[in-house]
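*Asks:* sequence first, predicted coordinates after that:
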Amino acid sequence: MSNYIENVLAKTKEKNSNEKEFIQAVSEVLETLKPVTDKNPEYEKTALLERLVEPERIISFRVPWIDDNGKVQVNRGFRVQFNGSIGPYKGGLRFHPSVNQSIMKFLAFEQIFKNALTGLPIGGGKGGSDFDPKGKSDREIMSFCQSFMNELQRHIGHNLDVPAGDIGVGAREIGYLFGQYRKIKNAFEAGVLTGKGLEYGGSLARKEATGFGLIYYMREMLKANNLDFKGKIVTISGSGNVAIYAAQKVTEYGAKVVAMSDSNGCIYDKDGIDLDEIKRLKEVERLRIKEYLKKHPTAQYTENVEGKTPAVYSIKADIVLPCATQNDINIQTAEIMVKNGVIAIGEGANMPVDIEAINYFIKNKVLLAPAKAANAGGVATSALEMCQNSMRYFWTFEEVDKKLDEIMTNIFKACKETADEYGLGINYLAGANIAAFKKVAAAMTAQGII
Ligand code: NDP
């Protein structure tokens, strides 16, 4: 590592010592940038990295709401507007009890690079709350979303900051958030949120985009290494939006998905997962994945044990798609997976594999599709939704899907060409970081010290 990078990292760690996810995300990026910073001494003169790791703005706010028992509840809301140098801040909202400033900053930081890789004009942001939607009634969800938007509306706008969904924020929540925004502003500004319902300005294929995009990226990655999906056994962690549509597309390409999970445990169905049943359980009924056994009694269910490798990763598979949450795969889990003969990992979630495990996979010649590139299909299609909203027009499913495929193919190309240029082999993570950084650094440099 160069001295400049080492110094910036040391300062970042000192200043944000209680933010472990944020430090992890910054380290993962900066540690790969040495070849670029060595060639460009002006970055140090203009404190470019110091500016890059400091958010332009962090908003933190109170979200009071009333539960079904008439009791007042108070949650904490966030919006991190990290870097707007290539476009309006763009990034999802996460509602999960684990949400804190460190997780918000890590996600917003990753988003800067992800959004740059899409080739579309969007900056990096993220937001959310420590609100737990699990077990809440529809009325409680609406009450929370309305209160959250009462404050958030001051800070967003179609030319300023455009939130979308993430963990715990799907079509239902976006609907309530948009409704409240529209009421407060007394205007129909469709481009202020993405992931909207099709009836009021949403884009076809947005729901499928992150999962489909992951598989398009992996198709290109496998092809570049003389492999494909046909006949491969696939396991997926998670059973939410990303997991479901990754499962659908990879099945279309001839692979067999044998396991999916939620935070409680995992189901294994050797005949291949019945995805229609998963969609019913998760998208409609909002039940635990264990309920799968009621319709498929021959499948097996394994409960997760706190502090132990999540059950889904102990199942033998050629391809593993972590599509749940961050830091799901550590070195111990990676060792199990390598022993089981895994050939490729696709990061559908953000930062699901920690850096030690990533390096272990690369050393063992396991292909790794890095999150900030491989799961960029969601935000890319969100940008296409903004584009359709500006035109006051819409594209067909096929048109959006084709654009998404082209974007993901180009993202892989950028990762591979950069990895080749810098002699990084199959380290597509370093390729992604460098390609994205160069674009953001050029935009920041052009705009002066701000
Ligand atoms: P959903 O809320 O739809 O689904 C999340 C899934 O992950 C659920 O199955 C959930 O299980 C599981 N999960 C969540 N937290 C944990 C946890 N702490 N431990 C174990 N399992 C957990 O979210 P998405 O599918 O939208 O998001 C999944 C990942 O993909 C996240 O990392 C997100 O940041 C990333 N991502 C999402 C994009 C999108 O367009 N939606 C775009 C790019 C990235 P349970 O129900 O039990 O909590």
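*Replies:* Perfect, I can see it now.

*Asks:* surely residue 190 is in contact with residue 201?
*Replies:* Yes: applying C-beta atoms under 8 Å as the test, residue 190 and residue 201 come out as touching, 3.6 Å apart. In this view, the C-beta of every residue, glycine as well, is placed from N, C-alpha and C.

*Asks:* now list whatever residues contact both of those two.
*Replies:* residue 389 (C-beta atoms under 8 Å, 6 or more residues apart in numbering).

*Asks:* how about low-confidence regions in the stretch 201-350 of the chain?
*Replies:* Applying pLDDT under 70 to the stretch 201-350 of the chain flags no residue at all.

*Asks:* the residue in it that the ligand sits nearest to: how many residues sit nearby?
*Replies:* When distances are taken as C-beta to the nearest ligand atom, the stretch 201-350 of the chain reaches nearest to the ligand at residue 240, 1.8 Å away. Applying other C-beta atoms under 10 Å, we find 22 residues neighbouring residue 240.

*Asks:* make 631 the first number, not 1, from now on.
*Replies:* Will do, 631 is the new start, and the previous item becomes residue 870.

*Asks:* surely it and residue 954 touch.
*Replies:* Yes: using C-beta under 8 Å, residue 870 is in contact with residue 954, at 7.3 Å.

*Asks:* overlap in contacts of the two?
*Replies:* With C-beta under 8 Å, 6+ apart applied, the contact sets of residue 870 and residue 954 do not overlap.

*Asks:* give me phi/psi at residue 1045?
*Replies:* phi -60, psi -40 (degrees, to the nearest 10).

*Asks:* ok, now how distant is it from residue 1003?
*Replies:* As judged by C-beta to C-beta, to the nearest Å, residue 1045 and residue 1003 stand 5 Å apart.

*Asks:* intersection of neighbour lists for those two?
*Replies:* What both residue 1045 and residue 1003 touch, as defined by C-beta under 8 Å, 6+ apart, is the set 747, 1058, 1062.

*Asks:* let's see if you can find the most crowded of those residues.
*Replies:* residue 1062 (30 neighbours).

*Asks:* tell me the contacts of that one?
*Replies:* 743, 747, 1000, 1002-1003, 1041, 1044-1045, 1048.

*Asks:* looking at the stretch 681-830 of the chain, what residue ends up closest to the ligand?
*Replies:* For the stretch 681-830 of the chain, C-beta to the nearest ligand atom, closest residue to the ligand: residue 797, 4.0 Å.

*Asks:* and the strands in the stretch 681-830 of the chain, which stretches?
*Replies:* Along the stretch 681-830 of the chain, counting by DSSP state E, counting those that start in this stretch, strands occupy 687-696, 702-713, 719-725, 753-759, 791-794.

*Asks:* dump the ones you listed into TSV; add mean pLDDT and mean neighbour count as well.
*Replies:* TSV is the format used below for the strands of the stretch 681-830 of the chain (pLDDT from 0 to 100; neighbours: other C-beta atoms under 10 Å):
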stretch	mean pLDDT	mean neighbour count
strand 687-696	98	16
strand 702-713	98	21
strand 719-725	98	28
strand 753-759	98	29
strand 791-794	98	25
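
*Asks:* check which element follows the helix or strand that contains residue 998 along the chain.
*Replies:* Element membership for residue 998 (DSSP states H and E) is strand 997-999. The helix or strand immediately downstream of strand 997-999 is helix 1001-1004, counting by DSSP H and E.

*Asks:* so for that following helix, mean pLDDT?
*Replies:* What helix 1001-1004 shows for mean pLDDT is 98.

*Asks:* report the buried residues of the next helix or strand after that helix.
*Replies:* Next in sequence after helix 1001-1004, counting helices and strands by DSSP H and E, comes helix 1007-1021. For helix 1007-1021, the neighbour count (16 or more other C-beta atoms under 10 Å) marks 1007-1019 as buried.

*Asks:* nothing else from me, thank you.
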